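[1] give me the fold of what follows.
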Amino acid sequence: MKPFLTRIAAASVALLGSLLVAGCGGGATADTTPAVKITSVKVFGDSLQDSGTFGYKFTVQGTDSLIYVERIAANYGQTLCNFFTFTGTTFAPNTAKTGCTNFAIGGGRITYTGAGASAANPLNIGVQMATYASVGAYTSSDLVIIDGGGNDAADLVGAYLTIPRDSAKAYSALLGTLLTPTQIGTALQGGASTTAQIGATYMSALADKFAASIKASVLDKGATRVVVLNMPDITFTPRFQTVLDSVAAASGGGTAGATARAQSQALFQGWITAFNTQLASKFSGNDGVVVVDFYKGFQDQVATPAQFGLTNVKTPACPITGVGSDGLPTYTFPTCTATALSAAPPTGVSGGADWWKSYGFADSFHPTPYGHQLTQQLIAKSLATKGWL
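    Just a heads-up that it's a prediction; the model follows:
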């Protein structure tokens, strides 16, 4: 018997196929064979797409816990494994398996500035793409899936919110990775409004950098079918809902707090929109690229969860295991297993042992396997519209 989530993925493709055939006046039996032959799926990005660089996936652990890129690969009869493995101090090629084509790494960024930052660190998504480009060649039967930017946006929000405590030191440093000292100085000297607005300028520049890397290391290297996910609205993740609640509390709560919260969320959404708009413009008219509107798709799931079969889009399914230096809850993915969750339903939830299977979030920033299924369906719809599935 096929694993449950594999059967779900197959069913979603069958549904898409039946809708397409019916729309064209087809018969009662749909052909679910992909419209194009894909013999390899190449993946670059962050934790949302990481197949196991650290020995686990950034979701609920289980034999059926396929992440969305694995589900898309399965649509074409392909499987994925992680190209990189974490040694405890650095990243090295995965010698336990051969032929792995998922280069995504949890914590990946378009501009990585953390510990061990260097021009060769594969936590830079551009380095992931360049790594494959240096050793392999793309063919017409390759599908490439790329995401990135969510962690960069989170970094920007965090740096912006520390301005009252560090006089914009962290914010200036992050902006300085892409913008000139003159741009930054003018914005910070202009007051609160321009200090906030330069965040959008930074995000547009980030999109330029991302698009340039995709062009240089993927498109210019022969890839003809490239899927790029735009940036989701991270303000609706449990993590950033908590951050926004803190903004409200720091503003005195009540009406003033609610106003500050709404203004902050709108600002951060504006930054993300600036990135997405610029990214879309870079690939406009490029027949070899499909930009998936992850931003709108994710917002829709949060706004109308029942329509997507979701029962909870606010509370993570995994238990809190600690508190980070930022004061936010932390989670431990290796111990957040399907077996453990099913064995201990929280008081008051429905669904019995399956209670967590309709939750949207595993931890405060990453989807459950069902959340990955929904993202797979979003991508599959774009692929089908393009004629690639």
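
[2] need the helices for the stretch 151-300 of the chain, in chain order.
    163-166, 169-175, 181-189, 192-217, 238-250, 254-283, 294-303 (DSSP state H, counting those that start in this stretch).

[3] of all those helices, which lies closest to residue 34?
    With Cβ to Cβ, the closest approach to residue 34 among those belongs to helix 294-303: 21.4 Å. C-beta coordinates here come from the backbone N, C-alpha and C atoms, glycine included.

[4] pull the CA atoms of the closest one into PDB?
    Output of helix 294-303 as PDB, limited to C-alpha atoms (Å, rounded to 0.1, in the frame of the first residue of the first chain):
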ATOM      1  CA  PHE A 294       3.100  31.600  -2.200                       C
ATOM      2  CA  TYR A 295       2.300  34.900  -0.500                       C
ATOM      3  CA  LYS A 296      -1.300  34.900  -1.500                       C
ATOM      4  CA  GLY A 297      -1.700  31.200  -1.200                       C
ATOM      5  CA  PHE A 298      -0.500  31.200   2.400                       C
ATOM      6  CA  GLN A 299      -2.600  34.300   3.300                       C
ATOM      7  CA  ASP A 300      -5.700  32.500   1.900                       C
ATOM      8  CA  GLN A 301      -5.100  29.400   4.100                       C
ATOM      9  CA  VAL A 302      -4.800  31.600   7.200                       C
ATOM     10  CA  ALA A 303      -7.900  33.700   6.300                       C
END
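
[5] avg pLDDT for it?
    For helix 294-303, the mean pLDDT works out to 99.

[6] same thing with stretch 141-160?
    99.

[7] any weak-confidence spans in this structure?
    1-31 (pLDDT under 70).

[8] switch to 80 and redo it
    Applying pLDDT under 80 to the chain picks out residues 1-32.

[9] point to the residue nearest the middle of it.
    residue 48 (4.6 Å; Cα atoms, centre = their mean).

[10] how close does that one get to residue 217?
    Per Cβ to Cβ, to the nearest Å, residue 48 is found 20 Å from residue 217.

[11] returning to what we had before: so what's the residue nearest to the centre of the chain up against?
    By Cβ atoms under 8 Å, 6 or more residues apart in numbering, residue 48 lies in contact with 58, 67, 68, 104, 147, 150, 366, 367, 375.

[12] surely the first one and residue 366 touch.
    The reference is to residue 58. Yes. In this structure, residue 58 is within contact of residue 366 by Cβ atoms under 8 Å, at 4.5 Å.

[13] now for residue 96, how many residues are close by?
    Residues within reach of residue 96, counting by other Cβ atoms under 10 Å, total 9.

[14] next: residue 157.
    21.

[15] swap in residue 170?
    Residue 170: 18 surrounding residues under other Cβ under 10 Å.

[16] about what we covered before: now do the shared contacts for residue 58 and residue 366.
    Counting by Cβ under 8 Å, 6+ apart, the contacts common to residue 58 and residue 366 are 47, 48.

[17] for the closest residue to residue 238 other than its chain neighbours, give its distance to residue 114.
    Leaving aside its sequence neighbours, residue 238 sits nearest to residue 364 (Cβ to Cβ, 6 or more residues apart in numbering; 4.0 Å). Separation of residue 364 from residue 114 (Cβ to Cβ): 19 Å.

[18] counting neighbours, go ahead and name the busier of these two.
    residue 364 (20 against 11).

[19] for residue 99, which non-adjacent residue is spatially closest?
    residue 81 (7.7 Å).

[20] surely the one you found touches residue 94?
    Yes. Using Cβ under 8 Å, residue 81 is in contact with residue 94, at 6.9 Å.

[21] got any residues that touch both of these two?
    Common neighbours of residue 81 and residue 94 (Cβ under 8 Å, 6+ apart) are residue 100.

[22] more neighbours: the two, which one.
    A count of neighbours by other Cβ under 10 Å puts residue 94 above the other of residue 81 and residue 94, at 19 against 15.

[23] which residues touch the more buried one?
    Residue 94 is in contact with 81, 82, 83, 84, 85, 100, counting by Cβ under 8 Å, 6+ apart.

[24] roughly how far apart are it and residue 55?
    11 Å.

[25] what residues are shared contacts of the two?
    Taking Cβ under 8 Å, 6+ apart as the criterion, residue 94 and residue 55 both touch residue 85.

[26] thinking again about what came up before, now do the SS call for the residue nearest to the centre of the chain.
    helix (DSSP: H, G, I helix; E, B strand; the rest coil).

[27] all helices for the stretch 1-150 of the chain, in order.
    With DSSP H, counting those that start in this stretch as the criterion, the stretch 1-150 of the chain has helices spanning 4-23, 68-75, 125-135, 150-161.

[28] which elements pack onto the shortest one?
    Spelled out, it's helix 68-75. helix 4-23, strand 40-44, strand 142-146, helix 369-386 (3 or more Cβ pairs under 8 Å, 6 or more residues apart in numbering; DSSP states H and E).

[29] go again using 7 Å as the cut-off
    Counting contacts by 3 or more Cβ pairs under 7 Å, 6 or more residues apart in numbering; DSSP states H and E, helix 68-75 packs against helix 4-23, strand 40-44, helix 369-386.

[30] still on that earlier bit, export the helices of the stretch 151-300 of the chain as CSV, with columns for distance to residue 77.
    As requested, these are arranged in CSV below (distance: least, Cβ to Cβ, whole Å):
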stretch, distance to residue 77
helix 163-166, 51
helix 169-175, 42
helix 181-189, 49
helix 192-217, 26
helix 238-250, 35
helix 254-283, 27
helix 294-303, 25
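
[31] can you tell which of those is closest to residue 323?
    If we rank the helices of the stretch 151-300 of the chain by Cβ to Cβ, the stretch that ends up nearest is helix 238-250, at 11.4 Å.

[32] how far does that closest one sit from the chain's center?
    Averaging C-alpha positions (Cα atoms, centre = their mean, to the nearest Å) puts helix 238-250 21 Å from its chain's average.

[33] in it, what's buried?
    238, 239, 240, 241, 243, 244, 246, 247, 248 (16 or more other Cβ atoms under 10 Å).

[34] of those residues, just say which sits nearest to residue 342.
    Looking across these and measuring by Cβ to Cβ, the closest to residue 342 is residue 238, at 21.0 Å.
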